[in-house]
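A.B. asks: Pasted the sequence and its predicted model underneath.
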Amino acid sequence: MKIRDLFEKKTVFSFEVFPPKKTSTIDVIYDTIDELRELNPDFISVTFSAGGSSNNALALDLASKVKEYGITPMIHLPCINYTKDEISGTLSEIQNRGIENILALRGDINPEIPPKKDFLHASDLIEYINSKGEFDIAAACYPEGHPDAESLERDIDNLKIKVNAGADHLISQLFFDNSYFYYFREKAVCSGINVPIEAGIMPVVNKRQIERMVTTCGASLPHKFVKIMQKYEHNPEALRDAGIAYAIDQIVDLLAGGAEGIHLYTMNNPYVARKISDAVKGIINV
């Protein structure tokens, strides 16, 4: 199933997972997927290494397993470190496995890996994918602006290029203040972007996770969020539950505010995904 068709029928609720680390066995993530499928997500996206490692094969295997479990898979596809021939080969493999949905990304620039020149922007990849087959293509968006962008307005200009290149819908980077999402959505619509936008939510369940997320994506931390984290940072169980509660509060507000979808960054944690799914399943399509 192509994900773009879902938005015409319902509010979309989806999960994101990533292949296991080298220190873990593949069975660990298979068990995670087995638990997540019980929550009946509309689709599960699988992250893909931007550096060209064996993790990419694991991502394809994991996306195939998601499909075997009867769930619609989406595979991430970064492009900055790949040639057209390499991307073409990957697209053929994706198609051979019966996977129809791709999240097209530029990918993070690794200073230790010189970027290839064939795809400098996600829009280049989107246009290329469209020339190679009948895929559903999602693109990333950033409610607080991409860290590399001069301004939110310039970032939305670039986002429009991705949509015009053929992106069918958008998935947002995580955020902790819904006001940023609402402002971004208004600016996007005013600029002529009319594809569905899923709000990306990450439940923060430990202090290290907070610090990593702020460093890598630059998400702002509201005063309310900071107070919660400071109060419970030395109590792991309380911090986990507080992070789940904060995410649920965000989602309820987003659904009331007309969000077209919620994309939950599960961090491969089915316990957290279940707590949130159980809390919002009664209102996700009201």
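C.D. replies: Yes, it's here. Numbering: from 1, shown residues only.
A.B. asks: right, and the helix or strand after the helix-or-strand element of the chain with minimal mean pLDDT?
C.D. replies: Least confident element among the helices and strands of the chain, by mean pLDDT, DSSP states H and E: helix 207-217 (a mean of 76). The first helix or strand that comes after helix 207-217 along the chain, using DSSP states H and E, is helix 223-232.
A.B. asks: Over to Tyr246. Which of the three states is it?
C.D. replies: For Tyr246, the assignment made with DSSP: H, G, I helix; E, B strand; the rest coil gives helix.
A.B. asks: For Cys217, see how far away Cys79 is.
C.D. replies: 19 Å (CB to CB, to the nearest Å). To be clear about C-beta, it is placed using only N, CA and C from the backbone, and glycine gets the same treatment.
A.B. asks: More neighbours: those two, which one.
C.D. replies: Shown here are Cys79 and Cys217; by other CB atoms under 10 Å, Cys79 has more neighbours (27 against 16).
A.B. asks: pretty sure that one is in contact with Leu105, am I right?
C.D. replies: Yes - counting by CB atoms under 8 Å, Cys79 does reach Leu105; the two are 7.0 Å apart.
A.B. asks: tell me, what's touching the two both at once?
C.D. replies: Common neighbours of Cys79 and Leu105, counting by CB atoms under 8 Å, 6 or more residues apart in numbering, are 122, 125.
A.B. asks: all helices of the protein, in order?
C.D. replies: 3-6, 26-37, 55-68, 84-96, 122-130, 152-165, 178-190, 207-217, 223-232, 236-256, 270-280 (DSSP state H).
A.B. asks: which of the residues in the fourth one are buried?
C.D. replies: If I follow you right, that is helix 84-96. Within helix 84-96, the residues scored as buried using 16 or more other CB atoms under 10 Å are 84, 86-87, 90-91, 94.
A.B. asks: Export those as JSON lines, with columns for pLDDT and distance to Leu58.
C.D. replies: Converted to JSON lines, those look like this (pLDDT from 0 to 100; distance: CB to CB, whole Å):
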{"residue": "Lys84", "pLDDT": "96", "distance to Leu58": "23"}
{"residue": "Glu86", "pLDDT": "94", "distance to Leu58": "17"}
{"residue": "Ile87", "pLDDT": "96", "distance to Leu58": "18"}
{"residue": "Thr90", "pLDDT": "95", "distance to Leu58": "14"}
{"residue": "Leu91", "pLDDT": "96", "distance to Leu58": "18"}
{"residue": "Ile94", "pLDDT": "96", "distance to Leu58": "14"}
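A.B. asks: Between the residues you listed, which sits nearest Gly243?
C.D. replies: Of all the buried residues of helix 84-96, the one with the least separation from Gly243 (CB to CB) is Ile94, at 33.6 Å.
A.B. asks: What is the burial count for the nearest residue to the closest one once chain neighbours are set aside?
C.D. replies: Nearest non-adjacent residue to Ile94, counting by CB to CB, 6 or more residues apart in numbering: Ile75, 6.0 Å away. For Ile75, the neighbour count with other CB under 10 Å is 25.
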